[in-house]
Each structure stands twice: as C-alpha cells, then as structure tokens.
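Visitor: What follows is a predicted protein model with its sequence.
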Amino acid sequence: MKRTILFSFCAFHSILIFSQQRILSDSDSLKPKMEYRLNAKNSIIPITLITYGIIGLNNPKLKRWNTGIRSEALEHINTKYRADDYFQYVPGIAVYILDDAGLKAKHPFWDRTAILAGSFLLQTAVVQTLKYTTSVMRPDSTTANSFPSGHTTLAFSGAEFLWQEYRNHSIWIGIAGYAVAGTIGFARIINNKHWITDVLAGAGFGIISTKISYLTYEYIKLKQTNRGRNYTCQIFPYYGNTSSGIIVALKF
C-alpha cells in the first residue's frame, strides 16, 4: 500500500509540474508588449545632437563654427531675452495645464509625475557631471560650466514629455512644445550664455532622458503586473491511518 501511494504521489506531482510549466509558459505569451523602446529610429536625432556637441568640444572646425555663430548673433541681434529662465519649464507644465483643462494626458497624474521626475533626475545627474568635468568656458567668460546647456536640456525634456503624453491627440501639440524648446535654445545663444554645441547637446540629452524615463517606467510597471500574474499551484495527496485526501496549495 505504501509503495502504491508513493508511486501515485510521484506520478501525480510530475504531471502537475508539467502542467504548471505549460500554464506559466502560456501566460508569458499573453504578457503585454513594451510600447516604449529605444532603437535607431527613435533615438537617432538625440544621439546625433549629443555626438555633435561632444565632438565640438575639441574639434577646431566646430569651435570656429561656434565663434562665428556667436559673432553673428551679437552683431545682428543685440537684444537680451530673460524669459528663457522661466519658459524652460513651459513644455513640461503644459501637460498638467492641458489635462486640467479637460484634454486628458496619456498617463494619470502620479504616473506621469514619476516619469517627469525620473527624466529630471537623470538629466540633472548627466548635465551637472559634464558641466564640471568638461569645464568649457561660457561665451561671456563668466564661468567654465557651459557644456551642455541646462536650460535647453530641461526645455527639450519637457517637449518630449508633452509629445509622449499627447501624441495621440494632435501632432501640433508636440510641435508647439518643441518650438518653445527650440526658442529657449536660441535664446541661450543670443544671450551669450552658450555655444551652439552646448545647445544641441542639451537638446539631445533632454530628449533621450525623457525617453529613458518612459522606458524605465513601463519596464517597472510590467514587472509589477507580471509578478501579479505569476502564480504556483501544488497538489499533494496524503494518506494516514484514519484519513486520506488531497492538499491544494496556491501561491500568488
């Protein structure tokens, strides 16, 4: 009798394990796909901008190009714009303004705030590190922390944030956000605060920071969702002197 019970237990448990593996395998095939991905198509522009800016740190031709643009700006646009200190925040804030006005953003408040915060933390770490390791003198010779442009980085990260949240509503919302960000970058040049390489690299860092933040957010959310979907089920037959039956154990 004991041999029969032991054999039945082993056979039943083996069949259960096989069935459980099939169930989990089938559930993997039903997992939602990652919407946000970094590939050559959606990252070529920011990577190109960053590469141009980095090459311009030591390339004589690009340095002369920097100087030439600065001279033209000072000669033909003898006006200072201080609005860039405030308008750098506009693209990111616009998401909350539009959502509050009734044009719903793609993500709920706390989710998109987490995405924006992640982008801000990433870009701040990168920009501040580069500013004090490259030690590029500003065009107005005030400080040696010109590369990359922090204002431009923040503006373009907000523009990408606006685009991602409202891309399904209208392309013109994203265009408007990028137009504002581009104006911020232009203002940094005519204000004699940054070189063109600083601005282009800042734009690239801003865009890629937001893309990475969206990718990270979705990865974490999917991990949480899939962790809730994974479960184990074990069934054990038992036999005693006075009773017998089956024990079912579920783990979520």
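Guide: Arrived safely.
Visitor: Lowest-scoring secondary structure element of this structure by mean pLDDT?
Guide: Within the chain, judged by mean pLDDT, DSSP states H and E, the helix or strand with the poorest mean is helix 2-29; its value is a mean of 41.
Visitor: right, and the helix or strand after that one?
Guide: Proceeding N to C from helix 2-29, the next assigned helix or strand is helix 40-55, under DSSP states H and E.
Visitor: in that following helix, what counts as buried?
Guide: Ser43, Pro46, Leu49, Ile50, Tyr52, Gly53, Ile54 (16 or more other CB atoms under 10 Å). To be clear about C-beta, it is placed using only N, CA and C from the backbone, and glycine gets the same treatment.
Visitor: Look up how far Pro91 lies from the fifth one.
Guide: Shown here: Tyr52 relative to Pro91, a distance of 22 Å by CB to CB, to the nearest Å.
Visitor: quick one: average confidence on stretch 172-189?
Guide: Stretch 172-189 shows a mean pLDDT of 96.
Visitor: what residues does it touch?
Guide: With contact meaning CB atoms under 8 Å, 6 or more residues apart in numbering, stretch 172-189 is reached by 69-70, 73, 81, 83-84, 87-88, 90-91, 94, 98, 149, 151-152, 155-156, 158-160, 162-163, 166-167, 194-196, 198-200, 202-203, 206.
Visitor: Show me just the buried residues among those.
Guide: Looks like these have 69-70, 73, 84, 87-88, 90-91, 94, 98, 149, 151-152, 155-156, 158-160, 162-163, 166, 194-196, 198-200, 202-203, 206 buried, using 16+ other CB under 10 Å.
Visitor: Just the ones of those residues in helices?
Guide: Members of these lying in helices (criterion: DSSP state H): 69-70, 73, 84, 87, 90-91, 94, 98, 151-152, 155-156, 158-160, 162-163, 166, 196, 198-200, 202-203, 206.
Visitor: which stretches of the stretch 101-250 of the chain form helices?
Guide: Along the stretch 101-250 of the chain, the segments classed as helices by DSSP state H, counting those that start in this stretch run 109-134, 150-166, 171-190, 196-229.
Visitor: which strands and helices sit next to the longest one?
Guide: Contacts defined by 3 or more CB pairs under 8 Å, 6 or more residues apart in numbering; DSSP states H and E place helix 196-229 against helix 40-55, helix 60-76, helix 109-134, helix 150-166, helix 171-190.
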